[in-house]
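Trainee: coordinates for the following, if possible.
(one chain, ligands or ions: 1)
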Amino acid sequence: MSQRMTPEGLGARLTKWRSRSAVVPLPLRPTTRARRLLRDGTAEILRSPARFLGAVLRGLVTAYRSWRRWVRVRDYADAARDAGKFADKFTEIRALSFFRWKVTLGVIAGAGLALAVLHAVHGPSGPWCVGAVGAVALAALGRRGGGLPGRRTVLAGPRILRWSLDPQVLVDAFRDAKLLGNDETLRLVERATRAGEGWTITVDLPATRKAADVVKNREALASALAVDEVQLIVNRVRGRGGHAGRVALWVADRDPYSTPPTRTPLVDAEQWDVWRPVPFGRDPQGSRVDLPLVWTSLLIGAIPRQGKTFAARLAVAGAVLDPHARLYVADFKAGKDWDAAGQVAHRFLAGDDTDDVFALLGWLIELISEVQGRYRRMRTLDDTTCPESKLTPAISRDDALNMPVTVLVVDEVQVPLENRTSITVEGRKLTTGEYVGELLTWLAKKGPAAGIVLILATQRPDSRTIPSGLRAVLGSRFALRVMDWRDSNMVLGEQMNTRGYDSSRLLAAHKGVGILRPDGEISQGGEVLALTVRTYYLPNEDWRTICARGRQLRGHAGRLTGYAAGHDPDPPLSAACAEAAVPEARKPARVGEWTPEGLPEPLASVVAHLGDELGEGGREFVPTAELVAALGDVDPKRFARTLAELGCRPVRDRVADPKGGVRQVRGYLAAELRTAVRQSRTDGSARRR
Ligand SMILES: Nc1ncnc2c1ncn2[C@@H]1O[C@H](COP(=O)(O)OP(=O)(O)OP(=O)(O)O)[C@@H](O)[C@H]1O
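Mentor: Okay, the predicted model is just below:
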């Protein structure tokens with residue numbers, strides 16, 4: 001069917017032709033590019049006088065600095081000083097400096113005379129012309145450089161320092177901090193610019209030096225620059241445009257935390273989406289730091305009165321303002337800091353005695369069953385609704401599926417973890433604290449993907465209080481001021497102090513300031529291992545406002561449940577019924593299930609090595625190297641082939657290495673090994689029948 005050519009159709013075709021035809025010059029093409037060119041060109045013309053003036057001023061400063069170096073014979077004096085011969089050469093240097101002063105005065109007098117003659121011959125236009133030429137020359141001298149491309153893989157060419165501030169200051173500071181040798185220098189990748197209330201600059205170290213060492217020795221560098229270490233932020237530039245020798249520095253003009261704190265923007269938010277990273281605070285340069293919470297968990301540690309509760313409330317504030325999110329709040333501080341959360345929480349408690357600990361135990365058991373149920377239900381969902389075994393925003397908001405993002409906050413988590421009341425679980429005697437630790441560990445491992453977020457705050461981040469297994473699985477960490485570097489490492493992770501992150505160095509006056517080690521990317525982008533953050537200020541009054549709004553939102557949406565809806569809380573578990581309530585996941589394996597009897601080799605040896613660790617809730621992945629080493633003189637190829645015949649195929653996974661990092665290794669999924677064991681037992685008993 002032929003199309004009638006309407007006036008609009010003709011116009012549209014003409015526009016299309018003009019935008020595509022090679023005959024039409026680029027600037028005349030009716031695309032947004034032409035408009036952009038016009039806009040940029042006008043802006044450029046309007047800005048040029050101010051830019052020219054700026055360049056002339058910078059040129060003046062640069063010319064003055066060069067002259068001062070020259071007149072003071074700095075290069076000669078420095079060389080003499082480095083060679084330890086300054087005293088011998090002093091007279092010579094002074095004489096040369098005196099001579100250069102005389103040359104300077106001579107040139108000034110000559111220039112003045114020449115200008116006077118010019119004025120006499122050509123009138124005022126003569127000196128004006130000379131002035132204009134001089135200004136152009138100064139502007140050329142002071143024009144902004146865009147930085148250098150940085151160090152190439154093979155170093156070549158001179159290292160040129162171009163910085164409108166005296167770059168030698170920085171090089172000297174690096175040398176004083178023993179981060180550069182006397183014959184080494186820095187290469188400026190991005191010239192110094194103002195960022196917030198300070199200077200930022202990116203430099204390349206010589207090829208023999210590592211950026212990680214600069215980060216580690218930040219304090220020495222701060223001393224060499226004569227600033228407090230809180231004023232100096234040093235980051236290795238990673239990812240695109242970065243390499244192991246590139247460092248970004250930010251030097252604040254003054255203590256960045258001396259200004260009054262900022263209120264959280266959530267106080268003014270009508271509503272929030274719990275899937276959006278929550279506004280957590282600001283970095284020293286004043287940029288906002290948002291903290292993602294879903295699919296991870298958070299550990300907050302600090303000595304008393306440093307702002308743990310405030311930080312935990314900030315983290316949970318986003319969930320309070322999302323009517324789809326469910327909250328479990330356990331306040332073992334037993335103060336009134338969390339009281340307002342009772343208006344919105346599905347489960348709420350404030351207290352610190354054994355009954356409260358048992359109530360928490362009940363919640364944990366409930367949440368573990370919930371997680372198991374969610375995984376079971378997710379398995380039945382189609383791939384479009386649930387592409388991986390992970391909660392998605394759509395699933396979490398689907399009432400029919402009933403899997404809302406659930407945030408469990410435990411303030412002063414050391415109270416339940418240290419409870420010594422004895423209980424028996426499946427014949428095993430242990431303290432309630434140990435059991436709480438086990439359940440929290442299980443939840444922190446399996447819960448995040450099913451939409452259960454754990455936020456734990458503690459005054460005592462030591463190894464006796466927070467089991468290492470639990471710490472290892474808490475993805476995000478926030479360390480406010482602690483007593484010493486060991487406690488800081490307890491919160492932030494092994495060896496973090498040697499990488500330059502030690503929260504014991506924060507000042508007592510810096511309340512709410514801590515080191516955040518996020519799980520994955522945060523709003524700053526790039527690959528940051530950790531960063532210093534000053535949390536937003538969230539006093540009780542604002543917290544109450546947020547909780548009242550959260551209640552209103554839930555009320556309108558018909559989502560007030562549990563405690564907030566006024567339902568009687570379930571009676572806390574007692575020591576006697578703790579055992580009966582243990583969910584399947586936490587039950588130790590039936591006697592004999594993880595023993596090698598009746599199993600074929602090498603499965604029998606694998607089970608003998610792993611024992612109960614193979615059970616549900618135990619290990620998820622076992623490296624091949626570990627199995628081969630444990631089984632002694634086994635042929636790795638035959639071992640892999642036999643296991644493959646039993647349905648266990650090697651996969652790659654990340655494991656922690658002893659140096660504190662992670663590495664990828666090959667190994668077997670415990671789930672597949674379990675299935676193989678059960679299958680072998682079923683086959684064995686069928687054969688016996
Ligand atoms: N971001 C912040 N900016 C300024 N001051 C803050 C900030 N966060 C907390 N504070 C101050 O620190 C004080 C202690 O905060 P918070 O109650 O959260 O400490 P805590 O570590 O939980 O204490 P405790 O261990 O005694 O429970 C607060 O009263 C508040 O004035």
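Trainee: OK, contacts around the closest residue to Ala557 other than its chain neighbours?
Mentor: Counting by CB to CB, 6 or more residues apart in numbering, Pro323 is the residue found nearest to Ala557 once chain neighbours are left out, at 4.3 Å. (C-beta placed from N, C-alpha, C; glycine too.) By CB atoms under 8 Å, 6 or more residues apart in numbering, the residues touching Pro323 are 271, 550, 553-554, 556-557, 559.
Trainee: out of those, who has the most neighbours?
Mentor: Within the contacts of Pro323, most neighbours by other CB atoms under 10 Å means Gly550, with 28 neighbours.
Trainee: ok, that one - contacts?
Mentor: By CB under 8 Å, 6+ apart, the contact set of Gly550 is 320-321, 323, 343-344.
Trainee: follow-up on the earlier one: could you confirm the residue nearest to Ala557 falls within a strand?
Mentor: No. Remark: Pro323 does not belong to a strand; assigned using DSSP: H, G, I helix; E, B strand; the rest coil, it is coil.
Trainee: domain map for this structure?
Mentor: Per automatic domain parsing, the structural domains of the chain span 36-141, 167-252, 265-578, 589-688.
Trainee: mind giving me TSV with the ones you listed and columns for distance to the ligand and mean pLDDT?
Mentor: Written out in TSV, the entries for these read as follows (distance: least, CB to the nearest ligand atom, whole Å; pLDDT from 0 to 100):
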stretch	distance to the ligand	mean pLDDT
domain 36-141	38	86
domain 167-252	15	84
domain 265-578	2	88
domain 589-688	27	75
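Trainee: mean neighbour count, these: which tops it?
Mentor: With neighbours taken as mean count of other CB atoms under 10 Å, the domains of the chain reach their highest mean count in domain 265-578, at a mean of 20.
Trainee: ok, which stretches of the stretch 201-350 of the chain are strands?
Mentor: With strands called from DSSP state E, counting those that start in this stretch, the stretch 201-350 of the chain shows them at 232-236, 246-252, 278-282, 288-291, 298-301, 326-331, 347-350.
Trainee: residue contacts, the residue nearest in space to the middle of the chain?
Mentor: If you average the C-alpha coordinates of the chain and look for the closest C-alpha using CA atoms, centre = their mean, you land on Pro518, 4.0 Å from that point. Taking CB under 8 Å, 6+ apart as the criterion, Pro518 is in contact with 291-292, 476, 528, 530.
Trainee: just flag the most distant two among these.
Mentor: Using CB to CB, these span at most 15.1 Å, a distance reached by Pro292 and Ala530.
Trainee: that older thread, closest one of the contacts of Pro518 to Thr42?
Mentor: Sorting the contacts of Pro518 by how near they are to Thr42, with CB to CB, puts Val528 at the top with 38.8 Å.
Trainee: could you look up the SS state of that closest one?
Mentor: Here Val528 takes the coil state, with states given by three-state DSSP.
Trainee: ok, now Val665?
Mentor: Per three-state DSSP, the local secondary structure of Val665 is strand.
Trainee: thought Val628 was touching it, still the case?
Mentor: No. Using CB atoms under 8 Å, Val665 makes no contact with Val628, being 11.7 Å away.
Trainee: phi, psi for Pro304 please.
Mentor: Here is the backbone geometry of Pro304 (degrees, to the nearest 10): phi -60, psi 150.
Trainee: and the gap between the nearest residue to it once chain neighbours are set aside and Asn489?
Mentor: Residue nearest to Pro304 in three dimensions, not counting chain neighbours: Gln459, with 5.5 Å by CB to CB, 6+ apart. Applying CB to CB, to the nearest Å, one obtains 17 Å for the distance of Gln459 from Asn489.
Trainee: go on, Thr561?
Mentor: Thr561 sits 40 Å away from Asn489, going by CB to CB.
Trainee: contacting residues around Trp250?
Mentor: With contact taken as CB under 8 Å, 6+ apart, Trp250 is in contact with 195-196, 198-200, 232-234, 284-285.
Trainee: what residues are up against the closest residue to it other than its chain neighbours?
Mentor: Spatially, and ignoring its direct neighbours in sequence, Trp250 is nearest to Ile233 (4.3 Å; CB to CB, 6+ apart). By CB under 8 Å, 6+ apart, the residues touching Ile233 are 249-250, 252, 283-285, 532.
Trainee: taking strand 326-331 as reference, get the angle to the helix or strand harbouring Gly555.
Mentor: For Gly555, the enclosing helix or strand under DSSP states H and E is helix 540-557. For helix 540-557 against strand 326-331, the angle by axes from the mean of the first three to the mean of the last three CA atoms, to 10 degrees is 150 degrees.
Trainee: dump helix 540-557 to PDB, restricted to CA.
Mentor: Output of helix 540-557 as PDB, limited to C-alpha atoms (Å, rounded to 0.1, in the frame of the first residue of the first chain):
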ATOM      1  CA  ASN A 540      15.900  11.100  68.300                       C
ATOM      2  CA  GLU A 541      13.500  13.800  67.100                       C
ATOM      3  CA  ASP A 542      14.300  13.100  63.400                       C
ATOM      4  CA  TRP A 543      14.200   9.400  64.000                       C
ATOM      5  CA  ARG A 544      10.700   9.700  65.500                       C
ATOM      6  CA  THR A 545       9.600  11.700  62.500                       C
ATOM      7  CA  ILE A 546      10.900   9.000  60.100                       C
ATOM      8  CA  CYS A 547       9.200   6.200  62.100                       C
ATOM      9  CA  ALA A 548       5.900   8.100  62.300                       C
ATOM     10  CA  ARG A 549       6.000   8.600  58.500                       C
ATOM     11  CA  GLY A 550       6.900   4.900  58.100                       C
ATOM     12  CA  ARG A 551       3.900   4.000  60.200                       C
ATOM     13  CA  GLN A 552       1.600   6.300  58.200                       C
ATOM     14  CA  LEU A 553       2.900   4.700  54.900                       C
ATOM     15  CA  ARG A 554       2.300   1.200  56.200                       C
ATOM     16  CA  GLY A 555      -1.100   2.200  57.600                       C
ATOM     17  CA  HIS A 556      -2.200   3.500  54.200                       C
ATOM     18  CA  ALA A 557      -0.900   0.400  52.400                       C
END
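Trainee: for it, the distance to its chain's centre please.
Mentor: For helix 540-557, the gap between its own C-alpha mean and the chain's C-alpha mean amounts to 29 Å (CA atoms, centre = their mean, to the nearest Å).
Trainee: and what of stretch 667-686?
Mentor: Taking CA atoms, centre = their mean, the mean C-alpha location of stretch 667-686 is offset from the chain mean by 41 Å.
Trainee: now do stretch 644-653: everything it contacts.
Mentor: With contacts defined as CB under 8 Å, 6+ apart, stretch 644-653 is touched by 600, 603, 621, 624, 640, 643, 664-669, 672-673, 675-676, 679-680.
Trainee: 6 Å - rerun?
Mentor: 621, 624, 664, 666, 668, 672-673, 676 (CB atoms under 6 Å, 6 or more residues apart in numbering).
Trainee: report the two of these separated the most.
Mentor: Across those, the longest distance by CB to CB is 23.4 Å; it joins Gln664 and Ala676.
Trainee: if we can go back for a sec, with distance to Asp502 added, can I get the strands of the stretch 201-350 of the chain in JSON lines?
Mentor: What follows is the strands of the stretch 201-350 of the chain, written out as JSON lines (distance: least, CB to CB, whole Å):
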{"stretch": "strand 232-236", "distance to Asp502": "13"}
{"stretch": "strand 246-252", "distance to Asp502": "18"}
{"stretch": "strand 278-282", "distance to Asp502": "19"}
{"stretch": "strand 288-291", "distance to Asp502": "19"}
{"stretch": "strand 298-301", "distance to Asp502": "13"}
{"stretch": "strand 326-331", "distance to Asp502": "29"}
{"stretch": "strand 347-350", "distance to Asp502": "33"}
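Trainee: which among those strands is found nearest to Ala114?
Mentor: Nearest to Ala114, of these and by CB to CB, is strand 246-252 at 43.7 Å.
Trainee: sounds good, over and out.
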